[in-house]
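In: give the three-dimensional model of this entry:
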Amino acid sequence: MRPNEIIEVRNRSISQELPARDVTRLAYVAKDGDPRNVSIAFTWNGSHLVMRTTKIAPKLLWPPLRPGS
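Out: Numbering: from 1, shown residues only. Predicted coordinates for the structure are as follows:
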C-alpha cells in the first residue's frame, strides 16, 4: 500500500474502533478447501496488530510450513 492509502484506512471509523476491541474474526481457507471464519483474540501495541492463538490451532497448520521458512 502507498502511504496515502494507509492514512485513508486508518482514518475510517472502524479503524478508530479497532484498538478498543480484543476479539475479531479471522477468515482462512482450510486444508479441505472450505473457508473458515473463527474468533481470535488480538491486541494493538501501538504499531502492530498482535493475534494470539494456540500452537496447534488448525488455522496455523495449513498451509504446511515450507522448509527453511
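In: what's the neighbour count on L18?
Out: Counted with other CB atoms under 10 Å, residues neighbouring L18 total 14. The C-beta positions use only the backbone N, C-alpha and C, and glycine is treated the same way.
In: so what's A30 closest to, chain neighbours aside?
Out: R36 (5.0 Å; CB to CB, 6 or more residues apart in numbering).
In: ok, P35 next?
Out: Per CB to CB, 6+ apart, closest to P35 is V29, 5.8 Å.
In: hang on, the earlier thing: give the bridge partners for the residue nearest to A30, please.
Out: For R36, the beta-bridge partners are Y28 (DSSP bridges).
In: now for it, how many residues are close by?
Out: Using other CB under 10 Å, R36 is surrounded by 14 other residues.
In: burial check on W44, number of neighbours?
Out: 13.
In: distance of it relative to N11?
Out: 16 Å (CB to CB, to the nearest Å).
In: residue contacts, the spatially most central residue of the chain?
Out: Residue closest to the average C-alpha location in the chain (CA atoms, centre = their mean): L26, at 5.8 Å. Residues near L26 by CB atoms under 8 Å, 6 or more residues apart in numbering: N37, V38, S39, I40, M51, K59.
In: can you add neighbour count and secondary structure and give these back as CSV?
Out: Converted to CSV, the contacts of L26 look like this (neighbours: other CB atoms under 10 Å; DSSP: H, G, I helix; E, B strand; the rest coil):
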residue, neighbour count, secondary structure
N37, 8, strand
V38, 13, strand
S39, 8, strand
I40, 13, strand
M51, 12, strand
K59, 16, helix
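In: fine by me, we can end here.
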